[in-house]
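S.K.: Generate coordinates for the sequence data below:
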Amino acid sequence: MRMKFPANVLKAFVFAGGVAATALVPVTAAADNLSDAMIGAYKTSGLLDQNRALLRAADEDVAIAVSRLRPVIDWTITASHTYSRSINQLGTFNEFTNNDLGTQIQLTQLLYDGGETRLRKLAAQELVLAARQQLLSVEQTVLLNAVQAYVGVLQGQENVALRRNNLSLLQEELKAAQDRFEVGEVTRTDVALAQSQVAAARANLTDAEGALLTARATYLQIVGHAPGRIAGQPRLPSRAVSIDRAQSIAARNQPDLLAQQHSVKSADILVQAATKALGPNVRFRASAGLSEDVNGSTGTDSDASASVTLSQQLYAGGLNAATRRRAIASADSERGALINTQRAVRQNVSSAFFNVETARATLVSSNERVRASKVAFDGIREEATLGARTTLDVLQAEQQYLDAQTGEVNARANQAIAAYQLLQAQGLLTAEHLGLAVEIYDPALYYNLVKDAPAQYSKRGKDLDRVLKALGRN
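M.R.: Okay, here's the model as predicted:
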């Protein structure tokens, strides 16, 4: 559940500092279930940190747009020295020296621009909403990577256990074949076959152990710490009862789709802004100044002025019209991208939904195959002790049993990954939806601090400096 924070800036600062501190403290506790793996990935992901910073940059674009609606005050101090020397027709030298010190303050305020600046602020706000959805998309990727890393370690451990058990059984078969050879029940060929299978089993065990080491390294890279004792198969999330229901959920929640919708809105607003930019604008200017002759010859002068100026570009070489046409083309491009995104989301949901169905059916078949091959292996092995089966029959049955068990392990792994891929396709693979025990990053927190464009030395500006310092970004 998303944690709610009051608007108090101090608490916002404490929260931001807590997030930064959590990301910096190394996690040493062993992850023993899938939730722990996803929590570790959520807390330590550099990709999430990167995209949270990009979101804060988008927040600042709103503040920049707001600032353009406010007055601009400039203060200048000027110190000047003037020296001139001339010679008239009579050969007389004239020298003039003057030292002035002056100061001026000037205020400029936009009064009217047809709404262009206000529209650009609205466009920036839409891009903020798009960036929030893009952050959720990255969060889904990070959590799915954690699922795949966890399942990869579990799959590797189970494969190693199977290979070890297989090697143990084959060593027993080799010993049995050697004993039967000594009493003349089998030939040396049977012994050689058993020895070959034992050697192959050792090599396969080595490969499985190498794959497990790779899976553990991947887990460390994604989750932020090495896996400890893995608890077992993850609990599968509930899924939509039908593909139509899954598509409906994705249409409301899929972050890539929602982000593109906001991008289209922003592009359409920028077209309106570019159109308004073709019209006139009105600005108010006021200034006051003071200057003093340092030499003391002319004393102190002061001046003040105020004016309202209407300006209209009559010709700019086609720049403004081209800018508007470019905005229209960009909006058309964003709408085209939206169509592609809509189709991709529908296709991804359909594929993920049917992959879950296929994985479930495959696991059922794999379980039946394991059961049948186990019965066959036990029977053939028993028949071999009575002389009704050869060593080759036993080895083949053992290989079929191993293949069935390996297929079952892979089918379970595929089912778990497919279930979480369906969540991602619907936009539900988030820390908040899964109820992970983490402090959910609140994207509105920073936005609420900067949306009114606080000045650097104001109270809120100083609070923002402390937040940035806590995040290690000042």
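
S.K.: okay, now A41: neighbour count?
M.R.: A41 has 28 neighbouring residues, counting by other Cβ atoms under 10 Å. The C-beta positions use only the backbone N, C-alpha and C, and glycine is treated the same way.

S.K.: again with the one 4 residues further on
M.R.: One way to gauge burial is a neighbour count; for S45, by other Cβ under 10 Å, it gives 23.

S.K.: again with the one 4 residues further on
M.R.: Each residue near D49 was counted by other Cβ under 10 Å, and the total is 17.

S.K.: How about N33?
M.R.: 16.

S.K.: can you give me the helices for this structure?
M.R.: 9-24, 34-44, 46-67, 116-182, 188-223, 243-253, 255-276, 319-385, 391-426, 431-434, 443-450, 459-470 (DSSP state H).

S.K.: ok, now how distant is E432 from A327?
M.R.: From E432 across to A327, the span is 36 Å (Cβ to Cβ, to the nearest Å).

S.K.: Between the two, which is the more surrounded one?
M.R.: Taking neighbours as other Cβ under 10 Å, E432 and A327 compare with A327 leading, 21 against 15.

S.K.: OK, contacts around the more buried one?
M.R.: Under the criterion of Cβ atoms under 8 Å, 6 or more residues apart in numbering, the neighbours of A327 are A267, L270, V271, A273, A274.

S.K.: Could you verify my assumption that the last one touches A322?
M.R.: So the one you mean is A274. No. Counting by Cβ atoms under 8 Å, A274 does not reach A322; the two are 9.8 Å apart.

S.K.: Comparing the two, which residue is more hemmed in?
M.R.: A274 (23 against 12).

S.K.: Go ahead and flag the most central residue of the chain.
M.R.: V138 (2.4 Å; Cα atoms, centre = their mean).

S.K.: tell me the pLDDT at that one?
M.R.: Note on V138: pLDDT of 97.

S.K.: Setting aside sequence neighbours, what's the nearest residue to it?
M.R.: Leaving aside its chain neighbours, V138 sits nearest to N51 (4.7 Å; criterion: Cβ to Cβ, 6 or more residues apart in numbering).

S.K.: Correct me if wrong: that neighbour contacts L135.
M.R.: Yes. In this structure, N51 is within contact of L135 by Cβ under 8 Å, at 4.9 Å.

S.K.: which residues of the stretch 1-150 of the chain score low on pLDDT?
M.R.: Within the stretch 1-150 of the chain, the ranges that satisfy pLDDT under 70 run 1-31, 90-91.

S.K.: cutoff 80 now
M.R.: 1-32, 86-96, 98 (pLDDT under 80).

S.K.: Residue ranges in the stretch 151-300 of the chain under the pLDDT threshold?
M.R.: In the stretch 151-300 of the chain, residues with pLDDT under 80: 180, 184-186, 293-300.

S.K.: Next up, the contacts around E116.
M.R.: Neighbour list for E116: A273, K276, A277, N281 [criterion: Cβ under 8 Å, 6+ apart].

S.K.: hmm, which of the residues you listed are the buried ones?
M.R.: When the contacts of E116 are checked for burial by 16 or more other Cβ atoms under 10 Å, the buried set is A273, K276, A277, N281.

S.K.: any idea how far the second one lies from R346?
M.R.: Read it as K276. K276 is 37 Å from R346, by Cβ to Cβ.

S.K.: same check, this time on the last one
M.R.: N281 sits at a distance of 45 Å from R346 (criterion: Cβ to Cβ).

S.K.: ok, now the third one?
M.R.: Summarising the geometry, the distance separating A277 from R346, computed by Cβ to Cβ, is 38 Å.

S.K.: Which residues does the strand ranked longest in the chain contact?
M.R.: When the chain is parsed with DSSP state E, its longest strand is strand 93-112. With contacts defined as Cβ under 8 Å, 6+ apart, strand 93-112 is touched by 68-88, 117, 280-295, 297, 308.

S.K.: on that earlier part again, hey, which of the helices of the chain is tucked in deepest?
M.R.: By mean neighbour count, with neighbours taken as mean count of other Cβ atoms under 10 Å, helix 34-44 ranks first of the helices of the chain at a mean of 24.

S.K.: by how many degrees do that helix and helix 188-223 diverge?
M.R.: 40 degrees (axes from the mean of the first three to the mean of the last three Cα atoms, to 10 degrees).

S.K.: tell me what helix 34-44 is packed against?
M.R.: Using 3 or more Cβ pairs under 8 Å, 6 or more residues apart in numbering; DSSP states H and E, the elements in contact with helix 34-44 are helix 9-24, helix 116-182, helix 188-223, helix 431-434.

S.K.: Nice, that's everything, thank you.
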